[in-house]
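S.K.: Pasted the sequence and its predicted model underneath.
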Amino acid sequence: MVGVSAPSDPSSKSPVPDRNPAGYAVVGLGWISQAAVLPAFENARRNSRLVALVSGDATKRRALAERYGLPHSATFDYDGFDACLERDDVDAVYIALPNHLHREYTVRAARKGVHVLCEKPMAVTAEECSDMIDACRRNEVRLMVAYRLHFEPANLHAVERVRSGALGSTRIFSSTFTQQVAEGDIRLASPDRGGGPLYDIGIYCINAARYLFGAEPDLVWATRATRPQERFEESEEAQTCVLRFPGQRLAMFTCSFGAHAVSTLQLVGDEGEIRMDNAFNFSGDRRFRLAGADREEDRVFAQTDQFGPQLLYFSDCILEGRDPEPDGEEGLVDIRIIRAFYESLRDGRIVRLSVERQRRPGPEQTIVCPAIEEPELIGADEPSA
C-alpha cells in the first residue's frame, strides 16, 4: 500500500491550471463511470473535459475512447497510471475504483500535482482517509469526495426547509435504503475491503442525517442480520443503525443488499415533518412532502444528472483555487462513523464519538443539469440483481 511519507514528485504540476476547461482522467471504467460519470462531461463542458481513461480492460479502453472521441494515446492500463498523471492535459482524476484502492490512487495522483475527485466511501478506514487528506494538502491539490446529493435540488430543498424553521426543532430522522445485489458483485466483498451495505448505501443515510440535523453524532449503536446465502459469505446482508445527536435527537436507518429496492427518508420535528421517496438514487424522480401545523408542500423533483454538477463545482474549485465543500474531512467523518458502527457490531455495545465538522451543504450549492440517458454498457453490469 502506498504511504504518504515519500517526498513530492519534483515534476508536480501547478495547483491551478492556466486553462479552462480542466482536463480529467477517469480511473476505473465500471458501471458508475460508464452509466453516469462519462456521459456527464457533456453537461459539464463549460469548465470540464474528458482527456484520458484508465482501466485494466483493453476492450473497455478501446471502445469508450472511440465513443468519447479520445485517441488511443489517451488510454492507459493501471501500470500506466503514473504516465497518465504526467500528461500536460490531465489536471484532475475521477477515481471510480473499488473502495480499498481509493487511498493508493489518491496519494499517487496528489504526488504528481493532480487534483482528486474520489467516489465515496472515501476509503475503508479513518487512517486511509487521513493519508489521502495529508497527501493532497502536502502537494497543494484539491480533494473532493463525490457526495452528489450535496448539489441535488430535492435534498438541498430539504436542508433549506429545515433551516427556515418549517419543522420547528428537528427531533427524529429515519431512513430505509435497500436493494438486491447479485452474487459476485464487488460490493459484496468483506467490510475489510470496503464491501457490504453500510459502506455502499448506508453511507447515504449517515450523511443525510448529518446534513439535515446540521450536527455530528455523539454515540452510535448497530445490529445486523444475514441469511445463509452464498452471496453473503463475506459481507452482511442488512444492518440497522442508531445515532444520537446533540440536543437529544435520534437517527435510525436500515440498509440491505437482500431486499426490495427502497430509498426513503423521514425527518420529524416538533412542528412538522419531511418525507422523501427515492431520496438517494441518481435515477428517477423524487417525491418531496412537507407537512406542518401551518404549511404543506407536495412536490415532484424531476430526474436530473447528478454527476455533471459535481464536475462543474469541482472544476470551479480547481480553476479558482478554492477548497470544495464535500472535502476529505467530510469523507473522513462518515468513515469514522462507519468504523464506530463496526466496533458496536463487534463488541455488542454503544460506542461514543467525538466528531467536529462545521461545513455543511446548503441550497446555495444547488446545480441543475438535464437528465442523461444511460448509454450501452461495455463489459460492465448493472449493480443490482
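M.R.: That came in fine, so what should we check first?
S.K.: Could you measure from H72 over to G348?
M.R.: 55 Å (C-beta to C-beta, to the nearest Å). Where you see a C-beta, it was placed from the backbone N, CA and C, and this is true even at glycine.
S.K.: So the spatially most central residue of the chain: helix, strand or coil?
M.R.: Centroid-nearest residue in the chain, with C-alpha atoms, centre = their mean: K120, separated by 3.3 Å. The local conformation at K120, judged by DSSP: H, G, I helix; E, B strand; the rest coil, is coil.
S.K.: for it, what are its contacts?
M.R.: Counting by C-beta atoms under 8 Å, 6 or more residues apart in numbering, K120 makes contact with 145-147, 203, 331, 334.
S.K.: Helix or strand next in line after the longest helix seen in the chain, which one?
M.R.: In the chain, ranked by residue count with DSSP state H as the criterion, the top helix is helix 328-347. Next in sequence after helix 328-347, counting helices and strands by DSSP states H and E, comes strand 351-352.
S.K.: Tell me the strands beside that next one, with direction?
M.R.: strand 219-225 (antiparallel) (DSSP bridges).
S.K.: any idea of the mean pLDDT for the partner strand?
M.R.: The pLDDT scores in strand 219-225 average 98.
S.K.: coming back round to it: mind exporting the longest helix of the chain as PDB, just the C-alpha atoms?
M.R.: Coordinates of each C-alpha in helix 328-347 appear next as PDB, following Å, rounded to 0.1, in the frame of the first residue of the first chain:
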ATOM      1  CA  GLY A 328     -11.700  15.000   2.600                       C
ATOM      2  CA  GLU A 329     -12.700  16.000   6.100                       C
ATOM      3  CA  GLU A 330     -16.400  15.300   5.100                       C
ATOM      4  CA  GLY A 331     -15.500  11.800   3.900                       C
ATOM      5  CA  LEU A 332     -13.400  11.100   7.000                       C
ATOM      6  CA  VAL A 333     -16.300  11.900   9.300                       C
ATOM      7  CA  ASP A 334     -18.500   9.300   7.600                       C
ATOM      8  CA  ILE A 335     -15.800   6.700   7.700                       C
ATOM      9  CA  ARG A 336     -15.200   7.300  11.400                       C
ATOM     10  CA  ILE A 337     -18.900   6.800  12.000                       C
ATOM     11  CA  ILE A 338     -19.000   3.600   9.900                       C
ATOM     12  CA  ARG A 339     -16.000   2.200  11.800                       C
ATOM     13  CA  ALA A 340     -17.700   3.000  15.000                       C
ATOM     14  CA  PHE A 341     -20.700   1.000  13.800                       C
ATOM     15  CA  TYR A 342     -18.500  -1.900  13.200                       C
ATOM     16  CA  GLU A 343     -17.000  -1.500  16.600                       C
ATOM     17  CA  SER A 344     -20.500  -1.700  18.000                       C
ATOM     18  CA  LEU A 345     -21.300  -4.800  16.000                       C
ATOM     19  CA  ARG A 346     -18.100  -6.500  17.100                       C
ATOM     20  CA  ASP A 347     -18.400  -5.700  20.800                       C
END
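S.K.: Sounds good, over and out.
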